[in-house]
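*Asks:* what follows is a predicted protein model with its sequence.
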Amino acid sequence: MIKYLGSKRRLIPSIVGVVAALPEARSVLDLFSGTSRVGLALKAAGYRVVANDHNAYAATLARCYVQADRERVLADVEALVAELNALPGSPGYFTETYCERSRFFQPKNGERVDAIREAIARRGLDPELEAVLLTSLMEAADRVDSTTGLQMAYLKDWAPRAHQDLALRVPELLSRAEHGAGEALQEDALVAAEREADVAYLDPPYNQHKYLGNYHIWESLVLWDKPEVYGMACKRVDCRTRSSPFNSRPRFVEAMRAVIGRVRARWLVVSFSDEGYVTREEMEAMLATRGEVRVIAHDYKRYVGAQIGIYNPAGEKVGRVGHLRNREFLFVVG
């Protein structure tokens, strides 16, 4: 899967274990699905998963990992991946924007992305099959990028992986879950919160860092709308206007309370960090309106950017990181 800030990779065994301990739980609503890493793990454990995210790239990942079933799409995906891997590069919008105006990818790999993405667009594929191929392309590009994992900036010198040749792979596709077919949504969290499920898993944005700005290249790659861009990072212009109340300190509490009140599931499992806008005690108080709250805490190293330090555009170290570890909380409510 793609590199992702806030990924719950290390927390997944605990999340799946918590859900497994809830009586008669067969379906899970993943309200802020991101890479769908959690949704994939829950699907593998047999749960019917409904995954939602308002960003197009995240909804595409969910359509691949949660909604698409291996037995239905695998043969077509294997044939198409082989065919697309054989295409020669053809420079276009992606190469110009992310290899020439900026330096996220080597031009040879940008040209391959252009050729493959145009070929996918021409085919008019079934949405699930298209999502699997777009996921394969995102992951292939992610393996040859030159960043620390975020698309806010690129490295001053090429990352070693950037010199490798881009190649598609078939994503990790699962068979249909024991408790039913999964579903991918691209809705506002307040709307998706009303979908019926036994368990609602909430992992909302918790500070000012917007996922659209951090992963704007994937949004443009999926939408293929070839938008106007700005700045050294060549961000989509709508990064300036698309916003979420969960990225706003003054609006976060109201937004979180609204979602908690709207969720129809019997059980809530909420993932949150001590780097978020509210404290553990404040989150417990909000969740207590839905029932008894149990808290599980995990201690982790912070993301790689915090380990490296703070630098200005000239590559000079200009700041000091306040702390190198953080605590992730799982709140279990019901």
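*Replies:* Alright, I've got the coordinates. Keep in mind it's a predicted model, so treat the numbers as computed, not measured.

*Asks:* quick one: the helices in this protein?
*Replies:* 12-20, 37-44, 56-62, 70-85, 93-95, 107-123, 127-142, 189-192, 211-214, 216-223, 249-262, 280-287, 304-308 (DSSP state H).

*Asks:* buried ones in stretch 111-123, by neighbour count?
*Replies:* By 16 or more other Cβ atoms under 10 Å, the buried positions in stretch 111-123 come out as 111-118, 120. Yep, even glycine has a C-beta here, placed from its N, CA and C like the rest.

*Asks:* same check on stretch 128-140?
*Replies:* Residues 128-140 are the ones in stretch 128-140 that count as buried (16+ other Cβ under 10 Å).

*Asks:* now do it, average pLDDT.
*Replies:* Averaging pLDDT along stretch 128-140 yields 98.

*Asks:* try stretch 195-204
*Replies:* The average pLDDT within stretch 195-204 is 96.

*Asks:* any idea how the protein splits into domains?
*Replies:* Domain ranges of the chain: 1-67+175-205+244-334, 70-173+213-243, per automatic domain parsing.

*Asks:* residues near the residue nearest to Leu185 when sequence neighbours are not counted, how many?
*Replies:* Nearest non-adjacent residue to Leu185, counting by Cβ to Cβ, 6 or more residues apart in numbering: Asn52, 4.1 Å away. The tally of other residues near Asn52 (other Cβ atoms under 10 Å) stands at 25.

*Asks:* what's the answer for Arg327, then?
*Replies:* When neighbours are counted by other Cβ under 10 Å, Arg327 registers 13.

*Asks:* roughly how far apart are the residue lying closest to it once chain neighbours are set aside and Lys3?
*Replies:* Beyond its immediate neighbours in the sequence, the residue positioned closest to Arg327 (Cβ to Cβ, 6+ apart) is Asp274, lying 4.4 Å away. Asp274 sits 22 Å away from Lys3, going by Cβ to Cβ, to the nearest Å.

*Asks:* buried ones in stretch 230-250?
*Replies:* 233-236, 239, 244-247.

*Asks:* please compute how far it lies from its chain's middle.
*Replies:* Centroid separation for stretch 230-250 versus its chain: 16 Å, with Cα atoms, centre = their mean, to the nearest Å.

*Asks:* nearest to Asp165, of the helices of the chain?
*Replies:* Ranking the helices of the chain by their distance to Asp165 (criterion: Cβ to Cβ) puts helix 107-123 first, at 7.1 Å.
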